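1. Build me a model from this:
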Amino acid sequence: MYPARLQRLRTAMTQAKFDCVAAIAGPNLYYLTGLSFHLSERPTTGFFPLTGDPVIVAGSLEESKVVGGAPYPVRGCYYTDAAGPVLAYREASQALRLGARGGGVARLGVESRRMRVMELRLIEEAFLNPRMDAAEGVFAALRMTKDAQELALMRRAVEIAEQAVEATIKTIRIGQTEREIAAELVVQTLRAGSDTELPFAPIVASGPNSALPHAAVTDRALQAGDLLTLDWGAAHGGYFSDLTRTYAIGALDPELKVIYDLVRAANEAALAASRPGVSAAEVDAAARRVITDGGYGPYFVHRVGHGLGLECHEDPSMHGQNETPLEPGMTYTIEPGIYLPGKGGVRIEDNVVVTASGAESLGGLTHDLQVIAG
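-> The predicted model follows:
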């Protein structure tokens with residue numbers, strides 16, 4: 001699998017006219033090598049040239065991981081805490097023979113969204129200021145379309161998340177705080193089998209707080225008549241799920257029931273619009289049309305979704321200006337919402353994959369409005 005990914009990378013590099021790409025500790029390096037490194041004060045960088053063996057620069061404590069776990073031949077350049085990483089990056093430059101120090105001008109692709117100033121400065125010094133350009137398009141071309149193994153991991157991550165929320169909502173009672181519910185949801189997610197590194201801290205937003213798309217957990221206690229939004233995810237084998245459901249705490253104000261029904265219809269319209277050849281923008285438009293026609297267009301304040309996989313937010317971005325055509329194997333969220341300031345909000349989020357003829361949800365949680373704790 002990993003040699004095939006390396007070959008696909010080199011094909012994409014040739015098309016983008018890169019001599020080499022660099023990936024720091026994180027999802028792209030993991031995708032290409034299967035090796036997991038923490039992003040820390042000890043920089044780790046993998047260099048992938050068009051020809052020849054890749055080179056990994058890492059702290060000496062990672063040497064056994066690279067030697068014992070690399071899926072194809074790589075050259076390791078290691079450093080101790082005492083010596084620091086400068087000479088190891090120079091060694092990598094000489095091994096790759098890129099840039100003035102190694103003989104010839106190089107065009108180096110970097111992760112412009114992820115790379116820190118630390119790695120940037122080390123590379124600039126070691127390669128004597130190579131020409132560096134953003135390589136997000138190259139990495140996205142590899143990772144947007146998931147294979148069967150990746151989809152199996154994602155389905156399991158969704159299953160774990162669903163099991164966790166079903167267990168959690170059975171424990172929710174009026175008077176509980178958002179913080180207490182969030183703690184229970186984390187415990188249930190880990191108990192259901194999630195990797196310990198969760199995609200993100202859960203959002204638990206009740207009453208007027210549910211009108212905040214990215215609400216922070218507070219000590220607000222649940223009250224009768226509240227909407228309760230839970231946005232959470234699980235991880236399995238490094239792949240993430242990201243789900244949202246909104247619940248009713250007892251009987252709701254009629255307008256809150258109206259917006260729930262609109263969001264549900266918008267979610268289902270976006271799924272129906274998802275198929276090969278359709279653009280991300282068209283999926284966003286399908287959901288937005290339902291909410292706008294229902295009279296709540298100004299209260300749908302974000303894109304309909306985002307790509308999902310080794311990162312909770314990756315390509316494709318499902319917004320109204322993205323004309324990227326969908327392809328079988330692409331995975332993303334569908335999460336329309338309506339947010340009424342001071343009153344409450346609704347979001348329903350599923351994780352989906354494009355198939356040969358349409359798209360399907362990776363999970364099976366109901367879209368019906370569930371009344372809990374009432």
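2. Is the residue nearest in space to the middle of the chain part of a helix or strand, or is it coil?
-> With distances taken as CA atoms, centre = their mean, the chain has C312 as the residue nearest its mean C-alpha position (1.8 Å). Here C312 takes the coil state, with states given by DSSP: H, G, I helix; E, B strand; the rest coil.
3. Which residue is the nearest non-sequential neighbour of it?
-> Using CB to CB, 6 or more residues apart in numbering and skipping the chain neighbours, the partner closest in space to C312 is P199 (4.2 Å). Using the backbone N, CA and C atoms, a C-beta is placed for each residue, glycine as well.
4. Next, please give the residue ranges for the helices of the stretch 1-150 of the chain.
-> 2-16, 27-33, 63-69, 86-96, 117-126, 136-143, 148-169 (DSSP state H, counting those that start in this stretch).
5. and the ones you listed as JSON lines, adding mean neighbour count and mean pLDDT?
-> As requested, the helices of the stretch 1-150 of the chain are arranged in JSON lines below (neighbours: other CB atoms under 10 Å; pLDDT from 0 to 100):
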{"stretch": "helix 2-16", "mean neighbour count": "15", "mean pLDDT": "95"}
{"stretch": "helix 27-33", "mean neighbour count": "21", "mean pLDDT": "97"}
{"stretch": "helix 63-69", "mean neighbour count": "13", "mean pLDDT": "94"}
{"stretch": "helix 86-96", "mean neighbour count": "20", "mean pLDDT": "95"}
{"stretch": "helix 117-126", "mean neighbour count": "17", "mean pLDDT": "94"}
{"stretch": "helix 136-143", "mean neighbour count": "19", "mean pLDDT": "93"}
{"stretch": "helix 148-169", "mean neighbour count": "20", "mean pLDDT": "98"}
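6. Check the offset of stretch 84-93 from the chain's centre.
-> With CA atoms, centre = their mean, to the nearest Å as the basis, stretch 84-93 stands 31 Å off its chain's centre.
7. Could you do stretch 83-90 as well?
-> Relative to the mean C-alpha coordinate of its chain, stretch 83-90 is positioned 32 Å out (CA atoms, centre = their mean).
8. do stretch 69-87 as well
-> Centroid separation for stretch 69-87 versus its chain: 28 Å, with CA atoms, centre = their mean.
9. residues of that stretch that come out buried?
-> Buried residues in stretch 69-87, counted by 16 or more other CB atoms under 10 Å: 70, 74-79, 85.
10. would TSV of the helices of the stretch 1-150 of the chain with distance to D350 be doable?
-> As requested, the helices of the stretch 1-150 of the chain are arranged in TSV below (distance: least, CB to CB, whole Å):
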stretch	distance to D350
helix 2-16	28
helix 27-33	22
helix 63-69	35
helix 86-96	43
helix 117-126	36
helix 136-143	20
helix 148-169	9
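11. circling back to that earlier point, isn't there a strand covering the residue nearest to C312?
-> No - counting by three-state DSSP, one finds P199 to be coil, located in no strand.
12. okay, now it: neighbour count?
-> Applying other CB atoms under 10 Å, we find 22 residues neighbouring P199.
13. Next, find the distance separating it from Y78.
-> Applying CB to CB, to the nearest Å, one obtains 31 Å for the distance of P199 from Y78.
14. Please apply the same query to L185.
-> Distance of L185 to Y78, computed by CB to CB: 41 Å.
15. Could you pull up the contacting residues of the residue nearest to the centre of the chain?
-> With contact taken as CB atoms under 8 Å, 6 or more residues apart in numbering, C312 is in contact with 199-200, 233, 240, 242, 306.
16. what about the strands in the stretch 251-374 of the chain?
-> Ranges of strands within the stretch 251-374 of the chain are 305-307, 314-318, 331-334, 337-340, 344-347, 350-354, 359-361, 371-372, based on DSSP state E, counting those that start in this stretch.
17. From F139, how far off is N267?
-> Separation of N267 from F139 (CB to CB): 29 Å.
18. meant to ask about T11
-> T11 sits 13 Å away from F139, taking CB to CB as the criterion.
19. can you list the domains in this structure?
-> Per automatic domain parsing, the structural domains of the chain span 2-143, 148-372.
20. what sits against E62?
-> Neighbour list for E62: 37, 44, 78 [criterion: CB under 8 Å, 6+ apart].
21. err, E91, not the other one
-> For E91, the residues meeting the contact criterion (CB under 8 Å, 6+ apart) are 57, 77.
22. Please apply the same query to the one 4 residues further on.
-> Contacts were defined as CB under 8 Å, 6+ apart; by that measure A95 touches 55, 75, 77.
23. Name whatever forms a beta bridge with the second one.
-> Per DSSP bridges, residues listed as beta-bridge partners of R75: V55.
24. I'd like to know how far it sits from V346.
-> In terms of CB to CB, R75 sits 53 Å off from V346.
25. And the contacts of A95, which is closest to A192?
-> The shortest approach to A192 among the contacts of A95 belongs to V55, at 39.5 Å (CB to CB).
26. count of residues packed around the closest one?
-> 25.
27. Count residues in the vicinity of D19, would you?
-> A total of 20 residues lie near D19 under the criterion other CB under 10 Å.
28. how much space between it and L271?
-> Separation of D19 from L271 (CB to CB): 42 Å.
29. can you list the weak-confidence ranges in the stretch 251-374 of the chain?
-> The model of the stretch 251-374 of the chain has pLDDT under 70 over residues 374.
30. same deal with the stretch 101-250 of the chain?
-> In the predicted model, the stretch 101-250 of the chain carries pLDDT under 70 at residues 101-105.
31. now the strands for it?
-> Counting by DSSP E, counting those that start in this stretch, the stretch 101-250 of the chain has these strands, from start to end: 107-110, 131-134, 203-206, 227-232, 235-236, 239-240, 243-249.
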